[in-house]
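S.K.: With the sequence up front, the predicted model follows.
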Amino acid sequence: MPNMSATFSSVVNTQVVVEPPPQRAEDISAEAGFKQVLNACLGSQEASRPEMRKTPARAAKAFREMTCGCGQDPIEVVGQAIFEVEGARDLVAVRDIPFHSLCEHHLLPFSGTAHIAYLPNGKVLGLSKFARLLTVFARRPQIQERLTQQVAESIEQLLGCRAVAVSLEAHHSCMSHRGANVPASTRTLAIRGPEKDDPHVREQLMIGASRGPSFGTARL
């Protein structure tokens, strides 16, 4: 009978060494850049404290995470989540979607909530994909006005919907933590689609893309 104890012991004592992935040239360059900025802004004595030794690498990693939407294709994000639904023309609204973005002027974060309402024309989008679309455009250097427009236009193009409204409300740290030092909120609205100028359509979209009470089902 084989010595099972010896066999088991040999497995337990085997150490698997996992080598960390090699650091990319882009990572090294980004880390060096943040180190240079810290030295210039804080002074070398402050920037070289032991507690800040890994700060350039952490800052570079955080910046990559906050701009991971650069170069991403909204079509790839949506994938196969566009569905043909016969007779789908009723108002659909997805509210209270949180987002985080980066002000392209000061490279400071702004964050808030999105409300999206659209009138389909036989095609609907999987609900989770609205958040993914928003993230693709938010995770890059942005201004809130453009972000609102890009989300609305991408939904219109992907679905061929009758009309779509996107409303964003956000707080900008570039306004609250510097300059005016005022913690105000900013709201933007974009409405797109072939029926966007119809007063009744516009009214329903505004209800759906607002923070008000639920609207029930409206047929237009």
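M.R.: That came through, no problem.
S.K.: Hmm, Glu31 is touching Ala57, no?
M.R.: Yes - using Cβ atoms under 8 Å, Glu31 makes contact with Ala57 at a distance of 4.9 Å. No exception for glycine: its C-beta is placed from N, CA and C like everyone else's.
S.K.: So these two - more neighbours on which side?
M.R.: Glu31 (19 against 16; other Cβ atoms under 10 Å).
S.K.: Pretty sure that one sits in a helix.
M.R.: Yes - Glu31 forms part of a helix when assessed by DSSP: H, G, I helix; E, B strand; the rest coil.
S.K.: okay, it: pLDDT?
M.R.: On the pLDDT scale, Glu31 is placed at 95.
S.K.: Let me see the ranges of the helices in the chain.
M.R.: 4-12, 25-42, 44-47, 55-66, 74-78, 127-138, 144-159, 173-176, 199-208 (DSSP state H).
S.K.: Quick check: which of those is nearest to Ile191?
M.R.: helix 199-208 (6.1 Å; Cβ to Cβ).
S.K.: how much distance is there from stretch 107-126 to the middle of the chain?
M.R.: 11 Å (Cα atoms, centre = their mean, to the nearest Å).
S.K.: what's the span of that stretch, first residue to last?
M.R.: In stretch 107-126, first residue to last residue: 32 Å (Cα to Cα, to the nearest Å).
S.K.: oh, and call the first residue 66 from now on, that's how I've got it
M.R.: Okay, using 66 as the starting number, the last item reads as stretch 172-191.
S.K.: what's the domain layout of this structure?
M.R.: 90-131, 139-273 (automatic domain parsing).
S.K.: So which of these has the densest surroundings on average?
M.R.: Mean neighbour count (mean count of other Cβ atoms under 10 Å) peaks for domain 139-273 among the domains of the chain, with a mean of 17.
S.K.: Quick one, grab the pLDDT at the most centrally placed residue in the chain.
M.R.: Closest residue to the average C-alpha location of the chain: Thr200 at 2.1 Å, with Cα atoms, centre = their mean. Listed pLDDT for Thr200 reads 97.
S.K.: Give the full set of residues in contact with the residue nearest to Asp263 when sequence neighbours are not counted.
M.R.: Distances taken as Cβ to Cβ, 6 or more residues apart in numbering put Ala228 closest to Asp263, at 7.7 Å, once the chain neighbours are dropped. The neighbourhood of Ala228, defined by Cβ atoms under 8 Å, 6 or more residues apart in numbering, consists of 183-184, 256-261, 263, 266-267, 270.
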